[in-house]
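K.L.:
Fold the following.
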Amino acid sequence: MLYLSAEQRKAIRDKPDDDKFLAESRGQPLPPALLKALLGMAMIGTFITYYDNPFEVQRFALQQRWRLVTERLGESWKHRPAWCLFISQDQRTAAVSIRGTDVEQSRGGDIFTDINARPERYATRDGACPLVAHSGMLAAALALEAELRPTLRALVDAGYRLILTGHSLGGAVAALLVWLLRHGTNGEQLPQEAEVLGIGYAMPAVVDRDTAEQMKPFFSSLINSMDAVPRLSLGTLSRLGSEVRACARESGSDLDQDLQHYVDRLSTVWAPRLRDGNPQVAAATTSALQPQDGTASSPARVAGEGDNCSIETPGDAEDADLYVPGNCVWIYRVRGHLEASVVPCDLPPLRRLILDKRMFQDHTATAIHQALLAVRASSSSASGSASAPRWQKFCEASELCPCCGSRYEWMNTARSGKMRCHAMTNCRCCGLVVCVACATSRRALPEQGILEAARVCDRCVWRGSNDAEVLEALSQVYAELGGHSAGQRGANG
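P.N.:
Alright, predicted model coming up:
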């Protein structure tokens, strides 16, 4: 797994603009109104329902001009996820927020819903709108639809707009619930003129390809960067298995080298690693990599991988691969900062599991909200993307770190060629590839749209103005300050 992770990391850093090119060529820009809606519903959709105390839920809701009407937070179990119903009188909107997987509060019940993942075919009574869905989440949506139908019908009859939302498991159940409310169950459905919409945050793949496309007029799904949950499906797991086996066959020599490195270090009683290079004097302009002109070259892998993602309509529901439904809003990284686009649900990066340390971190409510804020900052700043430096590719890096003059993997025990990639990173300020040990400092770079503290190399952290004119003027500055102090003493004497 470590070797495959290293291969994937190198492939991504060798093509830092690949995701941006693919999203722009096959998708479309994120509408500002949709970004505002995603941010406006983020608290209700991702955060608030994980509280088990209704008082805390109400406290947060009132801060955002919502009001908690009713809830079922303490009685969740298999196929019975927790939920809250909120009302906004100002907007004449009712929002149902469904909680994601919470092992403790559901007493393990949510796990049974998650793992009951066999695709199941479902159709309305007239058979006009069949779909294939995750069986556990479909069962939860059916139970929730029967539980909430009278309340939601009363709200629609009173002229309220309905928005169903949720995080992770909750987002998937919300998507299916929207579909059920719009198409009806047991011969009952809401009026055709009813406005029933949905937003899912970090939700798993839950419906077949055709249904995912059909839900675009009334549902949107947010996928945050490296989040693994939206990428989980039978197809992506099968592909990951193939990649692991292929990497294992190719990594025998690297494994032998790393085992020998561990033996050698053990013989030294795990002596600490020290830098052994000779740092070079920095050039006058340390940011040698100039900002890009905003155009990205066409990635070589786009055509090949895109052709592998075809639309299939399998005859057997159990063979169907599942997708994230509706408008897929994908937040992706471009040279350290975040951008977003509306992309097809079969976009190659969304149909592949990336073994990255952020694959679970990006799934959290806090990470999702922070990512949305970063996207808003990047989109509102016209110079954000243009001011970002060009990132040096891993394949362009020399054998030695430009900051310390040592090999990138000097601090590692395992020093094979593949493990070397784990010791390399890009400075978010200058774009150069440096060793991880020379980029332990973190800084926010709002001018580039980077709101969270990110890795910056030692050279950029301590960079000051070393122009000759500055030092030459120092004597004059001291003289002026001394003269000013003498004048004040004379005036006071």
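
K.L.:
Pretty sure Gln280 sits against Gly405.
P.N.:
Yes: with the criterion set as Cβ atoms under 8 Å, Gln280 and Gly405 qualify as a contacting pair; they are 6.2 Å apart. For every residue, glycine as well, the C-beta is placed using N, CA and C.

K.L.:
So the two - more neighbours on which side?
P.N.:
Neighbours were tallied for Gln280 and for Gly405 using other Cβ atoms under 10 Å; the higher tally belongs to Gly405 (15 against 11).

K.L.:
Can I take it that that one is in a strand?
P.N.:
No: the assignment for Gly405 (DSSP: H, G, I helix; E, B strand; the rest coil) gives coil, which keeps it out of a strand.

K.L.:
give the contact list for Leu142.
P.N.:
The neighbourhood of Leu142, defined by Cβ atoms under 8 Å, 6 or more residues apart in numbering, consists of 180, 185.

K.L.:
next one: phi and psi at it?
P.N.:
For Leu142, the backbone dihedrals (degrees, to the nearest 10) come out as phi -60, psi -40.

K.L.:
Check Val343 too.
P.N.:
Recorded main-chain torsions at Val343 are phi -130, psi 160, according to degrees, to the nearest 10.

K.L.:
ok, it - how many residues close by?
P.N.:
Other residues within reach of Val343, judged by other Cβ under 10 Å, total 24.

K.L.:
Not counting sequence-adjacent ones, nearest residue to it?
P.N.:
The shortest distance from Val343 to any non-neighbouring residue, by Cβ to Cβ, 6 or more residues apart in numbering, is to Gly27 (3.6 Å).

K.L.:
Isn't Pro279 up against Gly405?
P.N.:
Yes: when contacts are counted by Cβ under 8 Å, Pro279 is listed as touching Gly405 (4.4 Å).

K.L.:
got the contact list for the residue nearest to Val343?
P.N.:
Contacts here follow Cβ under 8 Å, 6+ apart; on that basis Gly27 touches 330, 341-344, 347.

K.L.:
how close does it get to Pro130?
P.N.:
28 Å (Cβ to Cβ, to the nearest Å).

K.L.:
cool, and Cys460?
P.N.:
With the distance defined as Cβ to Cβ, Cys460 ends up 57 Å from Pro130.

K.L.:
who's more crowded, the two?
P.N.:
Counting neighbours by other Cβ under 10 Å for Cys460 and for Pro130 shows that Cys460 has the greater number, 23 against 14.

K.L.:
The more buried one against Val434, yeah?
P.N.:
No: with contact defined as Cβ under 8 Å, Cys460 does not count as touching Val434 (9.5 Å).

K.L.:
hey, where'd the helices end up in the stretch 251-400 of the chain?
P.N.:
All helices of the stretch 251-400 of the chain, identified by DSSP state H, counting those that start in this stretch, fall at 252-267, 302-308, 358-361, 365-380, 384-387.

K.L.:
The last one: what's the following helix or strand?
P.N.:
Okay, so that is helix 384-387. Using DSSP states H and E, the helix or strand that follows helix 384-387 in sequence is strand 424-426.

K.L.:
quick one: average pLDDT of that next one?
P.N.:
With pLDDT averaged residue by residue, strand 424-426 scores 95.

K.L.:
after it comes which helix or strand?
P.N.:
Tracing the chain past strand 424-426, the next element assigned as helix or strand by DSSP H and E is strand 433-435.

K.L.:
distance between that next one and the chain's centre?
P.N.:
Using Cα atoms, centre = their mean, to the nearest Å, we find the averaged C-alpha position of strand 433-435 to lie 24 Å away from the chain's own average C-alpha position.

K.L.:
Check stretch 81-95 too.
P.N.:
Averaging C-alpha coordinates over stretch 81-95 and over its chain gives two centres that are 26 Å apart (Cα atoms, centre = their mean).

K.L.:
Output that stretch as PDB, nothing but the C-alphas.
P.N.:
What follows is the C-alpha trace of stretch 81-95 in PDB, where atoms were taken according to Å, rounded to 0.1, in the frame of the first residue of the first chain:
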ATOM      1  CA  PRO A  81     -30.800   7.200  10.700                       C
ATOM      2  CA  ALA A  82     -31.200  10.200  12.900                       C
ATOM      3  CA  TRP A  83     -32.800  13.300  11.500                       C
ATOM      4  CA  CYS A  84     -33.900  16.900  12.300                       C
ATOM      5  CA  LEU A  85     -36.500  19.100  10.700                       C
ATOM      6  CA  PHE A  86     -35.800  22.800  10.500                       C
ATOM      7  CA  ILE A  87     -38.000  25.700   9.400                       C
ATOM      8  CA  SER A  88     -37.000  29.100   8.000                       C
ATOM      9  CA  GLN A  89     -39.900  31.500   8.100                       C
ATOM     10  CA  ASP A  90     -38.000  34.100   6.200                       C
ATOM     11  CA  GLN A  91     -37.400  31.800   3.200                       C
ATOM     12  CA  ARG A  92     -40.500  29.700   3.600                       C
ATOM     13  CA  THR A  93     -38.300  26.700   3.500                       C
ATOM     14  CA  ALA A  94     -38.300  23.400   5.500                       C
ATOM     15  CA  ALA A  95     -35.100  21.500   5.700                       C
END
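
K.L.:
List the buried residues of that stretch.
P.N.:
Within stretch 81-95, the residues scored as buried using 16 or more other Cβ atoms under 10 Å are 81-88, 93-95.

K.L.:
out of the residues you listed, what pair is the most spread apart?
P.N.:
Checked with Cβ to Cβ, these reach their widest spread between Pro81 and Ser88, with 22.4 Å between them.
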